[in-house]
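need coordinates for the below:
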Amino acid sequence: MSTFEFVDVSQWPQSDSAWDEVVAAAPAAWVWTTRLAHNFRLSTLRAAGELHADRSFFLIDQGRPVGLMPLVIRRSATGGGAGLEASYREAPLPWPSVVPGTTPLRDIEEAMLEEAETRCRAVAAGRLSLMLSPPEPNAEVTSRFTAIARRRGYLDSSYPSHWMRVGPETLSQVRERYRRDVRKFTPRYRLEVLSGNAIPDALDAEYMELHRKDAGTLHRPAETFRAQMDILRQNAGFITVARRADDGTPAGMLMIWRIKGAAYDASVAVDPQWQREQVSHLLKWRTIEHLLAEGTTSYELGRIAASPSYLWQPSDKNYGISFFKEGWARDGQKTVFEATKYFDASCLKAYFAERMATALTHQQLE
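Numbers count the residues shown, from 1 in each chain. Sure thing, here's the model as predicted:
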């Protein structure tokens, strides 16, 4: 019988390399669990003044880390009595990552979830939000997630995401109108793919300015864009850049996170001045060309907006984005598993009060 020990990541020697090794060896760990993505999300919490504590920990078995649990406690207006919850600002925390070994995976996952819940209760956090999203659809992961959610009393809020197998036929299956747009507008732009040391420092500010133009405002400071770009500088992804062919003006950029032969649409910004020239289509096409050249096997594009539900009523923008992504994924999808454990009744009530308010607005009942 194994004896598990839990050690804070901050207390483990050579924790950065240990973190990277666990992610590399854990089959279900993907882009969400990387140390670089974790650091980026910490930067957004610090910038918003919401970071309470980083309690991420390793599970140590026979003297070595075989499990990793990124655990962030943040301040939240809906975090319950203490105003705290365990999540990133814009996303759930990654599911525990486990290295295969002699100890059953289920035992290690259960132990890590129990420890995470204990740490949440110790600071009176209102809830723990988790996401399990392996690189590709996986039946074993599906059955394991549902079994654990039932045993531990989690609420399941999983959803479908646009996903595509990357192969020789991928580009020929793209929506015909998009292929025509690529042929028409490509000559007006210079498209390049950058990663690692090829990403100049100046690109951080250029992307931030594109983001401001696209969104109409800036929601986070420069240091968070630097942390975001550093993921790509460490070769955990790349950025596709579209510049005007005549003067080199940046018209759009698409960030891709990629590990284990699988890619994810991490972030995109397009200057509204050039949207009619379908810059997003050019970025996506050049990105897929690069994925093919590198031997990437799959590509996830993001959540599917199909119809209104009790818990989510997509906006017209959500539907438009999903329609665009469907033009590339062509009915391909995977399930992103999400689960939440509540420790405070007021936190659960606040969550459903928010959902109720949006549903009433959607039904025009206010």
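
low-confidence regions, this structure specifically.
1-2 (pLDDT under 70).

quick check: domain ranges of it?
5-162+337-362, 167-296 (automatic domain parsing).

looking at the ones you listed, which is closest to Lys317?
With C-beta to C-beta, the closest approach to Lys317 among these belongs to domain 167-296: 11.3 Å. The way it works is simple: take the backbone N, C-alpha and C, and place the C-beta from them, glycine included.

how far off centre is that closest one?
17 Å (C-alpha atoms, centre = their mean, to the nearest Å).

ends of it, what's the gap?
The straight-line separation of the ends of domain 167-296 (C-alpha to C-alpha, to the nearest Å) is 8 Å.

for this protein, just list every one of the helices.
15-25, 35-48, 105-122, 139-152, 176-185, 202-215, 222-233, 279-294, 316-329, 345-362 (DSSP state H).

and the second one, what other elements does it pack with?
Which is helix 35-48. Helices and strands touching helix 35-48, by 3 or more C-beta pairs under 8 Å, 6 or more residues apart in numbering; DSSP states H and E, are helix 15-25, strand 51-54, strand 72-75, helix 222-233.

want to throw those into TSV with distance to Gln278?
Shown next, in TSV, are the helices and strands packed on helix 35-48 (distance: least, C-beta to C-beta, whole Å):
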stretch	distance to Gln278
helix 15-25	36
strand 51-54	39
strand 72-75	38
helix 222-233	24
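
got a markdown table for these, with mean neighbour count and distance to Thr340 too?
Formatted as a markdown table, these follow (neighbours: other C-beta atoms under 10 Å; distance: least, C-beta to C-beta, whole Å):
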| stretch | mean neighbour count | distance to Thr340 |
| --- | --- | --- |
| helix 15-25 | 17 | 23 |
| strand 51-54 | 17 | 18 |
| strand 72-75 | 21 | 14 |
| helix 222-233 | 20 | 25 |
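
which one of these lies closest to Ala139?
Set against Ala139 and scored by C-beta to C-beta, those come closest in helix 15-25, at 21.0 Å.

and the closest one, what does it pack onto?
Against helix 15-25 (3+ C-beta pairs under 8 Å, 6+ apart) you get helix 35-48, strand 57-61, strand 64-69.

quick one: contacts for Cys347?
Taking C-beta atoms under 8 Å, 6 or more residues apart in numbering as the criterion, Cys347 is in contact with Thr78, Gly79, Gly80, Gly81, Glu85, Gly126, Arg127.

so which of those residues sit within strands?
Using DSSP state E, the members of the contacts of Cys347 that fall in strands are Glu85, Arg127.

who wins for neighbours among the contacts of Cys347?
Glu85 (28 neighbours; other C-beta atoms under 10 Å).

okay, the domains of the chain in CSV with distance to Gly302 next?
CSV is the format used below for these (distance: least, C-beta to C-beta, whole Å):
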stretch, distance to Gly302
domain 5-162+337-362, 6
domain 167-296, 5
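
so which of those domains comes closest to Ser307?
domain 5-162+337-362 (11.5 Å).

off-centre distance for that closest one?
13 Å.

distance between the ends of that domain?
First-to-last residue span, domain 5-162+337-362, C-alpha to C-alpha: 49 Å.

cool, and stretch 230-240?
15 Å.

for the remainder of this discussion, apply numbering that starts at 393.
Yes, from this point I'll number from 393; that puts the last item at stretch 622-632.

pull the residues that contact that stretch.
Contacts for stretch 622-632 (C-beta under 8 Å, 6+ apart): 423, 426, 428-429, 431-432, 583-589, 591, 595, 599, 621, 645-651, 655, 658, 675, 678-679, 682.

make TSV from the helices of the chain and add distance to Glu397 to it.
Below are those laid out as TSV (distance: least, C-beta to C-beta, whole Å):
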stretch	distance to Glu397
helix 407-417	14
helix 427-440	21
helix 497-514	10
helix 531-544	21
helix 568-577	53
helix 594-607	40
helix 614-625	30
helix 671-686	39
helix 708-721	43
helix 737-754	30
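
rewinding a little: can you say which of the contacts of stretch 622-632 are buried?
Neighbour counting by 16 or more other C-beta atoms under 10 Å classes 423, 426, 428-429, 432, 583, 585-587, 591, 595, 599, 621, 645-651, 655, 658, 675, 678-679, 682 among those as buried.

fine by me, thanks again.
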